[in-house]
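>>> can't give you the sequence, but here's the structure:
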């Protein structure tokens, strides 16, 4: 559906999907487009490539917190102080968690 809708829009190189769908010229002036399966495979690669570093970072942070109970307590106190005991974090509130953000870059 998204690929079909994007296919109808002419000269839309504002997003990655449009760039993947646009024709490419080679040295011999031959023009080619990626097939539907190639576009889907490329999108899967971008998605999965982005997930792995984030999962590794979260795993590393959890391991470090498990090994350092003092920092784990400080992080828990910060979360409760900023968010309260029953408020789930959002993208906006995560930036207020300074200590938790610091732990992600250790």
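Looks like it arrived, so ask away. Since we're looking at a predicted model, the values are computed, not measured.
>>> how many neighbours does residue 29 have?
With neighbours defined by other Cβ atoms under 10 Å, the count for residue 29 comes to 6. Just so you know, the C-beta spots here come from the backbone N, C-alpha and C atoms, and that holds for glycine as well.
>>> who touches residue 100 in this structure?
By Cβ atoms under 8 Å, 6 or more residues apart in numbering, the contact list for residue 100 reads 75, 78-79, 94.
>>> any idea how far it lies from residue 72?
As judged by Cβ to Cβ, to the nearest Å, residue 100 and residue 72 stand 11 Å apart.
>>> re the thing from before, which of the contacts of residue 100 sits closest to residue 57?
Using Cβ to Cβ, residue 94 comes nearest to residue 57 of those, at 13.5 Å.
>>> number of nearby residues for that closest one?
Residue 94 has 13 neighbours, counted by other Cβ under 10 Å.
>>> for this structure, what spans make up the helices?
For the chain, helices defined by DSSP state H occupy the ranges 2-8, 16-21, 36-67, 69-83, 91-94, 98-104.
>>> wait, residue 42 sits on residue 34?
Yes. At 7.3 Å, residue 42 counts as touching residue 34 under the criterion of Cβ atoms under 8 Å.
>>> Can you pull the residues that touch both of those two?
residue 20.
>>> pLDDT value on the residue of the chain positioned farthest from its centre, please?
Of all residues in the chain, residue 28 has its C-alpha farthest from the mean position, at 37.2 Å, by Cα atoms, centre = their mean. The model reports residue 28 with a pLDDT of 76.
>>> Same check on residue 104?
For residue 104, the predicted pLDDT is 64.
>>> now residue 10
At residue 10, the model reports a pLDDT of 51.
>>> I'd like the distance from residue 38 to residue 88, if you could.
39 Å.
>>> ditto for residue 59
Separation of residue 59 from residue 88 (Cβ to Cβ) stands at 21 Å.
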